[in-house]
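Participant: Let's see this in three dimensions:
(chains A and B)
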Amino acid sequence: MNPTLTAPRPATRRNRRAGVRLLSIAVLLALWQLAASATRNPSFIPSPRAVWDQLVLTSTVHDGIRGYSGHLLVEHLGTSLRRILIGSALGVVAGLALGVVMGTVPWIRLVVEPLVTFVRALPPLAYFSLLIIWFGIDETPKLWLLTIAALPPVAVATASAVYAAPTGLVEAARALGATRWSVTRDVVLPSALPEIFTGVRLAVGIAYSSVVAAETINGVPGIGGMVRDAQRYLQTDVVVLGLFAIGFSGLLIDALLRAAENRLIPWRGRA
Amino acid sequence: MPSPDTRSPDRLPSPDHVLSPDGAAAVEVRDVEHVYGRGAGAVAALGPLSLTVPEGAFLVLVGASGCGKSTLLRLVAGFEPPTSGTVRIGGVEPVPGRGAGVVFQQPRLFPWKTAGGNVELALRYAGVPRRERLDRVRELLGRVGLHDVADRRIWQLSGGQQQRVAIARALAAGDPLLLLDEPFAALDALTRERLQEDLRKVSAETGRTSVFVTHSVDEAVFLGSRVVVLTARPGRIALDVEVGLPRTGLEPDELRGLPEYAALRAEIGHAVRSAA
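Facilitator: So this is what the prediction gives:
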């Protein structure tokens, strides 16, 4: 029977999709196990079992040692997430403000846009050294790094959306007696919201990928610091565990942002 | 002569109806010319043209596409100043949001607001206190024939309903003047007729001065207390007639059945064709 000819009920289709996903994960795990067994070198490819054991070890207190490097895995992850949250929040707020100004005042856009594009093109690790020199090795340079990394995508998305605000709606608002500020608040910003949100998701993604770089120096606690230490002692299973922790929490956060987007912008694609 | 019914003292007074003293000119357009662009690419869109709309009139501007009728409306709304000449609303230079409500060809509703939210926003800009707004929103939507849609999202409304919300929103501020730029052009025939009838009713109820742009001759005769036909670009006045038909008391079909209705339709239709 040709499956494309039958239209299964949505629930059935969902079950089938979940089944396919589970199957693909199982296949990947099997391939991983196979590769680990074939190479027989846990420092090169640790087995799934070894990574699982590390998950248990780093999440518990054993022989008087707390997790890894004195912190539980969730504490490493929590510290990194906190840095991401603060850094991208600052970057988003600053990018939003800058974007609105850039989109509204042409000459500011002219002056600032090349700078923003320049910073956007730099890999965050490239300016981290400068931030270390300026701000030391504690929290400050890390937060600066994430803020600077998160700012450009939001600023660029906001600026272009604000600049291209639908003239018809702006005119309608003016005809209702809206002041300049009311037009910005009630028409320009809401109409830019879908693009701003895309910028925010991009910014959080960049902050995510930069946090590991930010934690290469004095990064414990922190998931990047943990991975860095483990690499130094050739604890490959911990490195892989750290990768999983970063990857899964990243997926989770993107899903949350997507859910927020659907709630906040119900008109997206409909008007 | 504007029809006397709209201004008779026994008409129900509406709370937002503002009358200026002694039937002063609501709109005054004097020697207006408008040119888009500059130099070799400049296009003369309008004029020279002079026009006075008295308080309480329902003026319909008719003409072929591109004759500058929408341009004239934009000048009256204050969206742009005329290249030369003067436009006055109630004696002062027009500023968007002061003195005139505008309904566009597309509803131009804010999709991030509900139907009621769109009207509420207009009330907020008009300075209506928060606690009064909810009742006023319901009243305004009711006046354009909408009930129980205040909480609906814009995309849940039909095209006709959206345009009704847009009219309610334009009425919300209580401006003495209402400007409508081909508001029914994008609707299907049946919906268009319904909205024409309801707008006629609303206009009779509120006695508001209106300027309505259309390219439909029938719409012009049906709605207008006065019809002005514009020539092809640059638009000038080709014909200016008072419609002496009764503004209230007749069913739409009775109105359309009057011999005077047919005569006006023929006269205006002829003027539109020969002006184009």
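Participant: Relative to B:Val92, how far out is A:Tyr208?
Facilitator: 57 Å (C-beta to C-beta, to the nearest Å). All C-beta spots, glycine's among them, are computed from the backbone N, C-alpha and C.
Participant: and the two? which has more neighbours close in?
Facilitator: Applying other C-beta atoms under 10 Å in any protein chain shown to A:Tyr208 and B:Val92 shows that A:Tyr208 carries more neighbours, namely 23 against 11.
Participant: Confirm that that one sits in a helix.
Facilitator: Yes - per DSSP: H, G, I helix; E, B strand; the rest coil, A:Tyr208 lies within a helix segment.
Participant: Look up phi and psi at the most far-flung residue of chain B relative to its centre.
Facilitator: Within chain B, B:Ala40 marks the point farthest from the mean C-alpha position, 34.1 Å out by C-alpha atoms, centre = their mean. Backbone dihedrals for B:Ala40, given as degrees, to the nearest 10, come out at phi -70, psi -30.
Participant: So for A:Met1, what's the pLDDT?
Facilitator: pLDDT, A:Met1: 46.
Participant: err, B:Ala170, not the other one
Facilitator: Reported pLDDT for B:Ala170: 90.
Participant: host element of the nearest residue to it once chain neighbours are set aside?
Facilitator: The shortest distance from B:Ala170 to any non-neighbouring residue, by C-beta to C-beta, 6 or more residues apart in numbering or on different chains, is to B:Gly101 (3.4 Å). Assessed by DSSP states H and E, B:Gly101 sits inside strand B:100-103.
Participant: I'd like the average pLDDT over the host helix or strand of A:Pro114.
Facilitator: Assigned by DSSP H and E, A:Pro114 belongs to helix A:106-121. Across helix A:106-121, pLDDT averages out at 92.
Participant: May I see the buried residues of it?
Facilitator: A:109, A:112, A:116 (16 or more other C-beta atoms under 10 Å in any protein chain shown).
Participant: residues contacting the first one?
Facilitator: The reference is to A:Arg109. Shown in contact with A:Arg109 (C-beta atoms under 8 Å, 6 or more residues apart in numbering or on different chains): A:102-103, A:159, A:163.
Participant: Up against chain B, what does the stretch 51-200 of chain A have?
Facilitator: Residues of the stretch 51-200 of chain A lying close to chain B (C-beta under 8 Å from any C-beta of the partner chain) are A:168-169, A:171-178, A:182, A:186-187, A:190-191, A:193.
Participant: let's see it at 7 Å
Facilitator: A:168-169, A:171-172, A:174-178, A:182, A:186-187, A:190 (C-beta under 7 Å from any C-beta of the partner chain).
Participant: Run through the chain and note the low-pLDDT ranges.
Facilitator: No chain specified, so I'll use chain A. For chain A, the stretches with pLDDT under 70 are A:1-8, A:271.
Participant: That was the other one, I meant chain B.
Facilitator: B:1-25.
Participant: At the contact with chain A, which residues of it appear?
Facilitator: B:77, B:79, B:96-98, B:102, B:104, B:106, B:108, B:110-112, B:121-122, B:125-126, B:153-155, B:169, B:173.
Participant: So which of these sit within strands?
Facilitator: B:Val102 (DSSP state E).
Participant: filter the residues of chain B next to chain A to the buried ones?
Facilitator: Among the residues of chain B next to chain A, the ones that count as buried by 16+ other C-beta under 10 Å are B:77, B:79, B:96-97, B:102, B:104, B:106, B:108, B:110-112, B:121-122, B:125-126, B:153-154, B:169, B:173.
Participant: what residues are up against the residue nearest to B:Ala170?
Facilitator: The contact partners of B:Gly101, taken as C-beta atoms under 7 Å, 6 or more residues apart in numbering or on different chains, are B:170-171, B:173, B:175, B:178.
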